[in-house]
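Chemist: one predicted model, sequence on top.
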Amino acid sequence: MNNLISRFKTSIKEKRFFKSLFKKIYPYLIGLILTFVLKKKKIKLCIPKNDIIDDEDLPLSGRIFEFYKKMKKDQSNKGGMYIPSSLWQKHIDKDFFY
């Protein structure tokens, strides 16, 4: 508790307490103002359009997918030195499941 009070005192002496407090509270104040003071009955949602898939990228993505399938198949035959980390293994198992 004394450490917290001393930190408050030093930040007030260094004239950074109110600035840092304002930085922390500012988003909440703006949210309250927008929510309660400037009430709007209609909300506009901006939804971006889907990207168009380029047909030239399909062979490349197919090659990458085949590489990961082959890598997963060959993984059991290799020694422990070539096994990927657990995070990378989860990514392979989840995103390149076939």
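Modeler: Sure thing, it's come through.

Chemist: list the contacts of the longest helix that the chain contains.
Modeler: Looking across the chain with DSSP state H, the single longest helix is helix 58-75. Under the criterion CB atoms under 8 Å, 6 or more residues apart in numbering, residues 82, 83, 84, 92, 96, 98 lie in contact with helix 58-75. Quick note: C-beta positions are derived from backbone N, CA and C, even for glycine.

Chemist: which element follows that helix toward the C-terminus?
Modeler: Per DSSP states H and E, the first helix or strand lying C-terminal to helix 58-75 is helix 86-95.

Chemist: output the contacting helices and strands for that following helix.
Modeler: Contacts defined by 3 or more CB pairs under 8 Å, 6 or more residues apart in numbering; DSSP states H and E place helix 86-95 against helix 58-75.

Chemist: next one: the helix it packs on to chain centre, how far?
Modeler: Remark: helix 58-75 is offset 26 Å from the chain centroid, using CA atoms, centre = their mean, to the nearest Å.

Chemist: then stretch 48-58?
Modeler: Relative to the centre of its chain, stretch 48-58 is centred 23 Å away, using CA atoms, centre = their mean.

Chemist: neighbours of residue 36, how many?
Modeler: Here the number of neighbours of residue 36 (other CB atoms under 10 Å) works out to 8.

Chemist: check residue 75 too.
Modeler: When neighbours are counted by other CB under 10 Å, residue 75 registers 13.

Chemist: out of the contacts of helix 58-75, which are buried?
Modeler: residue 92 (16 or more other CB atoms under 10 Å).

Chemist: and which of the contacts of helix 58-75 is nearest residue 2?
Modeler: Using CB to CB, residue 84 is the member of the contacts of helix 58-75 that lies nearest residue 2, at 49.3 Å.

Chemist: now for that closest one: which residues touch it?
Modeler: Neighbouring residues of residue 84 by CB under 8 Å, 6+ apart: 75, 92.

Chemist: now it: how far from residue 13?
Modeler: Using CB to CB, to the nearest Å, residue 84 is found at 52 Å from residue 13.
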